[in-house]
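Trainee: Next one to model:
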Amino acid sequence: MSIRTAAQSTCTAIITWGACARRRWRIGLVFVFLGLFVACSGASTTPAPTSAAAAVVEDQFSPPNAAWARFDTAESAVYAQGGELYLEDRGKGVAVYAPFAGKTYTDVAIAVQVRHVQGTVNNWMGVICRQQDENDYYLLAISADGYYLILLVENGVPAPLVGPQFDEGIKTGKARNSLEVRCQGEQLSLRVKGAFTVTVSDNSLRKPGGVALFADAVERGETAVVAFDNFVLTQP
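Mentor: Now for the predicted structure:
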């Protein structure tokens, strides 16, 4: 494992870890720093309860919302286009995420649609919650080739809580998937609408933290572009 941090307006952390069930992982992070901080038990696949809470944030990305970090660097880019928020990993061996500025949450439920636009399907696309900094967060994600993952990164060390696991219910290729992510107490849930819900317990990160949208091309030298739409955040 290696970690590299660039101390400029853009902060970068590289995390590499060894072979898991299907691939060698490389999850890195690139984002514009905005002055915010934006032991696992067994997993279950029972449906997570739904919440009737009113939306705290609702965004269709048209027009662009200034609360989302947007940038264009050699490593990555985040931009709004055609009513979607695009995240682009340009193959430099790091992933990209766009934090929602100025807000932190302990318990949060997020619904969002995501689609693979171009590049490798050996990718990750999803949601970060309880992000303390670039080295401490939860990631709940799927790939365009049908895998899902719930990941804890603590002190820069990644630990899979669930997955990577293939599920044929995930729409592959350039099809759109509807994700529902819930971080509530010790429970972390990832639901792919029409496919499955997986829930795991973990108490490593309990402080309020940021939320972000995330994309990663797993292999260095491969690119990935994904687009998010119809983002809704509620507090359970």
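
Trainee: Quick check: beta-bridge partners of Tyr79?
Mentor: Applying DSSP bridges to Tyr79 gives these bridge partners: Tyr86.

Trainee: how close does it get to Glu222?
Mentor: 20 Å (C-beta to C-beta, to the nearest Å). Any C-beta I mention is one placed from the backbone N, CA and C, and that applies to glycine too.

Trainee: Of these two, which one has the most company?
Mentor: Counted by other C-beta atoms under 10 Å, Tyr79 and Glu222 do not tie: Glu222 has more neighbours, with 18 against 15.

Trainee: what pLDDT does the more buried one get?
Mentor: Predicted confidence (pLDDT) for Glu222: 95.

Trainee: Burial check on Arg176, number of neighbours?
Mentor: Residues lying near Arg176 (other C-beta under 10 Å) number 12.

Trainee: With adjacent residues omitted, what lies nearest to it?
Mentor: Arg115 (4.3 Å; C-beta to C-beta, 6 or more residues apart in numbering).

Trainee: where does this structure have its least confident helix or strand?
Mentor: Across the helices and strands of the chain, mean confidence by mean pLDDT, DSSP states H and E is lowest for strand 10-19: a mean of 30.

Trainee: Just give me the residue right at the centre of the chain.
Mentor: Centrality entry for the chain: nearest residue to the mean C-alpha point is Val127, 2.9 Å, by C-alpha atoms, centre = their mean.

Trainee: That residue contacts Ala141, correct?
Mentor: Yes - contact criterion C-beta atoms under 8 Å: Val127 and Ala141 qualify, at 7.2 Å.

Trainee: Pull up the overlap in contacts between these two.
Mentor: Common contact partners of Val127 and Ala141 (C-beta atoms under 8 Å, 6 or more residues apart in numbering): Phe214.

Trainee: Assign Asn65 to helix, strand or coil.
Mentor: coil (DSSP: H, G, I helix; E, B strand; the rest coil).

Trainee: per-residue confidence for it?
Mentor: The model's pLDDT for Asn65 equals 84.

Trainee: I'd like the distance between the residue nearest to it when sequence neighbours are not counted and Val232.
Mentor: Setting aside the residues directly before and after it, Asn65 is nearest to Asp59 in space (C-beta to C-beta, 6+ apart), at 5.2 Å. From Asp59 across to Val232, the span is 8 Å (C-beta to C-beta).

Trainee: For the two, work out which one has more neighbours and name it.
Mentor: When Asp59 and Val232 are compared for neighbours, Asp59 comes out ahead with 20 against 16, by other C-beta under 10 Å.

Trainee: Run through the bridge partners of that one.
Mentor: Phe231.

Trainee: wait, doesn't it sit right on Val211?
Mentor: No - applying C-beta under 8 Å, one finds Asp59 not in contact with Val211, separated by 11.7 Å.

Trainee: Tell me how far stretch 54-74 lies from the chain's centre.
Mentor: 15 Å (C-alpha atoms, centre = their mean, to the nearest Å).

Trainee: Please name the spatially closest residue to Ala54 (chain neighbours excluded).
Mentor: Thr234 (6.9 Å).

Trainee: Model confidence for that neighbour, exactly?
Mentor: Note on Thr234: pLDDT of 95.

Trainee: Return the distance of it relative to Asn135.
Mentor: Distance from Thr234 to Asn135, by C-beta to C-beta: 27 Å.

Trainee: And these two? Which one has more around it.
Mentor: Applying other C-beta under 10 Å to Thr234 and Asn135 shows that Thr234 carries more neighbours, namely 20 against 17.

Trainee: Touching, that one and Asp107? I think so.
Mentor: No - using C-beta under 8 Å, Thr234 is not in contact with Asp107; the gap is 9.7 Å.

Trainee: Checking the closest residue to Lys193 other than its chain neighbours next. Helix, strand or coil?
Mentor: In space, and not counting its chain neighbours, Lys193 is closest to Ser178: 3.8 Å by C-beta to C-beta, 6+ apart. Under three-state DSSP, Ser178 falls in the strand class.

Trainee: No more questions from me, cheers.
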